[in-house]
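Colleague: fold the following, please.
(one chain, ligands or ions: 1)
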Amino acid sequence: MDKFDFVVVGGGSAGCVVAARLSEDPGVSVLLLEAGGDERRADVMDPARWEELQDTDANWGFETVVQAGTGRAHPAPRGRVLGGSGSINCMTHLRGHRLDFDHWASLGAKGWDHAGVLPYFQRSEHVPGGDPRYRGTGGPLRPRAPGEPHRLGEAFVQGALSAGHRRTGDFNAAEMSGVGHPESLVLDGSRESTATAYLRPAMARKNLTVRTQSTALRLTVRDGRCDGVEYLRDGVRESVSAGEVILCAGAVGSPHRLLLSGIGPADELAAAGVEPVCDLPGVGRNLQDHILLAGIRYHARRPLTATGMDGATLLARTDGADHGPDLNLCVMNFDYHLSWQQPAPDSFTFAIGHMRPASRGSVRLASADPLAAPLIDPAYVRERGDLDELVRGVELVDEIVRTGAFDEWDGRSDTTAMLGLGRTELERAVRESISSYFHLSGTARIGTDDEAVVDPDLRVRGIDGLRVADASVMPTVVSANTNAASIMIGEKAADLVRGRCLRASSVR
Ligand SMILES: Cc1cc2nc3c(=O)[nH]c(=O)nc-3n(C[C@H](O)[C@H](O)[C@H](O)COP(=O)(O)OP(=O)(O)OC[C@H]3O[C@@H](n4cnc5c(N)ncnc54)[C@H](O)[C@@H]3O)c2cc1C
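Modeller: Numbers count the residues shown, from 1 in each chain. I've put the predicted structure just below:
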């Protein structure tokens, strides 16, 4: 049987970082197992084609269970390709608010406060000319703001300023909320991911082995220690022995593999026919996602020439300054609607992201078959306050439109029509417009309490030789898109494995 010092399961946003960083030491051997294939294909690399990727084999094609709050199952896309969801995502690069990370630390994620994560965001990037207290140089990723924003985006910025919001020049520096143009991971017209920026340059190393089309089935645990992985490679069952396993299979894949390996709530495991090896009640619990309200369109009489993401965004704090943004409004210069909604040609769309959900869902076993999909339940709007905040988002769009910023497009606003409804009808319209913002996280959270899955060094509680490092360890979802934070987790994980730890000294 093969033996490696480190086996990294999942070559996604975090996993590529972990494999690349650990293999910097020529004295250790690293194996990366990825269920999907090569990311160097035209549809992945072309930023304009990101939406069509959901209908390809680069997506696991998961769906949520039918949601009581919406009456529907929702697509839950996850990348199945090197680079993971970072190879099929929309490329927006926002870190999250410093208070998000301070909140993590207050929940038991010691060392994951803003000062404890900032050096890892910095190490991931090369942003010459940025505020050096916050931005990094010399790192693999090159996030950039759009060169020439669409005029619709400019109108959005002006409207938000007139409605009383502040302009932000760099969301990834001192001011992490307000209105402005966010950065994207697009380099010379191509998608940039941790596969392209971290893994490819590292693949020439003799001590790094990358196996694609290799789906981990379960982790092997003997006498309380994880000592290897069983996996299916091009349809053939194989095993590998590991000094340490680092699970980076994402917020769905990581808890699913733990459960299949007998690590999770003992009663749930027994009911599914999996023999429990470690009773860890928090595995698969605490699932969080951001909701995106889609299909709020504004019919334009002027032609909307370009298609694609416009790039203007508002991260708004509407109920106090002691936490990160609660709402994220974006304008898109095309008709972005849900599959069941009628198309509205010649329209642009306001998308409303709800950034601090109170609802908590789960990832559970549907069966003991390692190739069966798990039950994914994000519990959209289970908590009443989440629905109220989405309604607040609709009002916020209306406030911005009413400044007159969009008058030059001379159209009719769907938001005003929504707000003209009675409360019951308005809530029904909001529930019908709910979709995923694709930011699943939290299912193997860091902490020290009984429901925590990993300790602050990302070690699975109760099992030796096993860590989790991906979006599933977030105690609460950051109040921004989740890719940059997942990459930071990969960076910090590699240092924790190597027994190192950086902290920013003086920055708030
Ligand atoms: C459609 C879409 C749009 C998004 N848009 C944005 C955006 O614009 N900006 C942003 O910041 N975030 C965005 N996100 C979210 C962001 O991409 C994710 O939060 C982030 O990529 C998560 O990183 P991760 O490492 O936790 O998991 P992933 O990147 O999903 O990596 C998990 C990897 O593990 C592999 N894997 C899973 N199970 C197994 C197994 N059993 N064996 C072997 N390999 C396995 C998967 O194939 C995958 O490669 C979007 C996500 C999606 C799906």
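Colleague: list the contacts of the residue of the chain found nearest the ligand.
Modeller: Going by C-beta to the nearest ligand atom, the ligand is nearest to residue 12 of the chain, at 1.7 Å. Using the backbone N, CA and C atoms, a C-beta is placed for each residue, glycine as well. Taking C-beta atoms under 8 Å, 6 or more residues apart in numbering, we find residue 12 in contact with 79, 83, 84, 85, 86, 194, 248, 249, 250, 470, 486.
Colleague: swap the cut-off to 10 Å and go again
Modeller: Each residue near residue 12 by C-beta atoms under 10 Å, 6 or more residues apart in numbering is listed here: 18, 34-36, 78-87, 193-195, 248-250, 253, 470-471, 483, 486-487, 490.
Colleague: now residue 224
Modeller: By C-beta under 10 Å, 6+ apart, the neighbours of residue 224 are 277, 278, 462, 463, 464, 465.
Colleague: give me phi/psi at the fifth one?
Modeller: Dihedral angles phi and psi of residue 464 (degrees, to the nearest 10) take the values phi -80, psi 160.
Colleague: residue contacts, residue 124?
Modeller: Going by C-beta under 10 Å, 6+ apart, the list of residues near residue 124 reads 17, 95, 136, 139-141, 143, 194, 197-198, 484, 487-488, 490-491.
Colleague: partner strands of the strand ranked longest in the chain, with direction?
Modeller: Scanning the chain for the strand with the most residues, using DSSP state E, yields strand 236-247. Strand 236-247 has the following strand partners under DSSP bridges: strand 2-9 (parallel), strand 225-233 (antiparallel), strand 466-468 (parallel).
Colleague: out of the ones you listed, which one sits most buried?
Modeller: strand 466-468 (a mean of 26; mean count of other C-beta atoms under 10 Å).
Colleague: which of the strands paired with strand 236-247 sits closest to residue 412?
Modeller: strand 466-468 (48.7 Å; C-beta to C-beta).
Colleague: dump the helix or strand just after that closest one to CSV, restricted to CA.
Modeller: Counting by DSSP states H and E, the next helix or strand C-terminal to strand 466-468 is helix 483-497. Written as CSV, here are the backbone C-alpha positions of helix 483-497 (Å, rounded to 0.1, in the frame of the first residue of the first chain):
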residue,chain,number,x,y,z
ASN,A,483,-14.0,31.8,-1.2
ALA,A,484,-11.3,34.2,0.2
ALA,A,485,-12.0,33.0,3.8
SER,A,486,-11.7,29.4,2.7
ILE,A,487,-8.3,30.1,1.1
MET,A,488,-7.2,31.8,4.3
ILE,A,489,-8.3,28.7,6.3
GLY,A,490,-6.1,26.6,3.9
GLU,A,491,-3.1,28.9,4.5
LYS,A,492,-3.6,28.9,8.3
ALA,A,493,-4.1,25.2,8.4
ALA,A,494,-0.8,24.5,6.7
ASP,A,495,1.0,26.6,9.3
LEU,A,496,-0.9,24.8,12.2
VAL,A,497,0.2,21.5,10.8
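Colleague: which SS class is the nearest residue to residue 447 once chain neighbours are set aside?
Modeller: Distances taken as C-beta to C-beta, 6 or more residues apart in numbering place residue 108 nearest to residue 447, at 3.8 Å, with adjacent residues excluded. Using DSSP: H, G, I helix; E, B strand; the rest coil, the structure places residue 108 in coil.
Colleague: I figured residue 108 hits residue 461, correct?
Modeller: No: if you go by C-beta atoms under 10 Å, residue 108 and residue 461 don't touch, sitting 11.6 Å apart.
Colleague: between these two, what contacts are shared?
Modeller: Joint contacts of residue 108 and residue 461 (C-beta under 10 Å, 6+ apart) are 447, 448, 449, 452, 455.
Colleague: let me know the pLDDT of the nearest residue to residue 501 once chain neighbours are set aside.
Modeller: Nearest residue to residue 501 in three dimensions, chain neighbours excluded: residue 495, at 6.1 Å (C-beta to C-beta, 6+ apart). On pLDDT, residue 495 comes in at 98.
Colleague: number of nearby residues for residue 495?
Modeller: 15 (other C-beta atoms under 10 Å).
Colleague: help me confirm that it comes into contact with residue 119.
Modeller: Yes: between residue 495 and residue 119 there is a contact under C-beta under 10 Å: 9.0 Å.
Colleague: what do the two both touch?
Modeller: 501, 502.
Colleague: quick one, helices of the stretch 301-450 of the chain?
Modeller: 384-401, 414-419, 423-432 (DSSP state H, counting those that start in this stretch).
Colleague: wait, isn't residue 113 in contact with residue 103?
Modeller: Yes: assessed by C-beta under 10 Å, residue 113 is found in contact with residue 103 at 8.7 Å.
Colleague: so does stretch 314-329 get close to the ligand?
Modeller: No: Stretch 314-329 is not in contact with the ligand by C-beta under 6 Å from any ligand atom; minimum separation 11.1 Å.
Colleague: and that stretch, how far apart are its ends?
Modeller: Stretch 314-329 has its terminal residues 5 Å apart, counting by C-alpha to C-alpha, to the nearest Å.
Colleague: average pLDDT for it?
Modeller: 86.
Colleague: gap between that stretch and the chain center?
Modeller: How far stretch 314-329 lies from its chain's middle: 19 Å, per C-alpha atoms, centre = their mean, to the nearest Å.
Colleague: and stretch 382-394, by the same measure?
Modeller: 21 Å.
Colleague: quick check: residues of the chain near the ligand?
Modeller: Counting by C-beta under 6 Å from any ligand atom, the chain sits next to the ligand at 9-15, 33-36, 77-80, 84-86, 88-92, 215-216, 248-251, 253, 257, 438-439, 470-471, 481-484, 486.
Colleague: what distance separates whichever strand or helix holds residue 220 from the centre of its chain?
Modeller: Using DSSP H and E, residue 220 sits within strand 214-222. Chain-centre distance of strand 214-222: 24 Å, with C-alpha atoms, centre = their mean.
Colleague: need the contact list for residue 412.
Modeller: Residue 412 neighbours (C-beta under 10 Å, 6+ apart): 297, 298, 299, 300, 301, 347.
Colleague: count the neighbours of the fifth one for me.
Modeller: As a burial measure, the neighbour count of residue 301 was computed by other C-beta under 10 Å and equals 10.
Colleague: follow-up on the earlier one: just the buried residues of the contacts of residue 224.
Modeller: Among the contacts of residue 224, those classed as buried by 16 or more other C-beta atoms under 10 Å are 277, 278, 463, 465.
Colleague: what is the end-to-end distance of stretch 6-21?
Modeller: Span of stretch 6-21 from end to end, C-alpha to C-alpha: 12 Å.
Colleague: ok, now stretch 164-182?
Modeller: End-to-end for stretch 164-182, by C-alpha to C-alpha: 19 Å.
Colleague: check contacts around the residue lying closest to residue 270 once chain neighbours are set aside.
Modeller: Nearest residue to residue 270, sequence neighbours excluded (C-beta to C-beta, 6+ apart): residue 276, at 6.4 Å. Applying C-beta under 10 Å, 6+ apart to residue 276 gives the contacts 259, 261, 262, 263, 264, 265, 266, 267, 268, 269, 270.
Colleague: and if we set it to 6 Å?
Modeller: 262, 266, 269 (C-beta atoms under 6 Å, 6 or more residues apart in numbering).
Colleague: so what pairs up with residue 349 in the strands?
Modeller: Bridge pairing for residue 349 - DSSP bridges - gives residue 297, residue 332.
Colleague: could you measure from it over to residue 149?
Modeller: Counting by C-beta to C-beta, to the nearest Å, the gap from residue 349 to residue 149 is 16 Å.
Colleague: cool, residue 94 as well?
Modeller: 16 Å.
Colleague: mind checking which of the two has more residues around it?
Modeller: Higher neighbour count among residue 94 and residue 149: residue 94, with 24 against 16, using other C-beta under 10 Å.
Colleague: touching, the more buried one and residue 479? I think so.
Modeller: No: when contacts are counted by C-beta atoms under 6 Å, residue 94 is not listed as touching residue 479 (9.3 Å).
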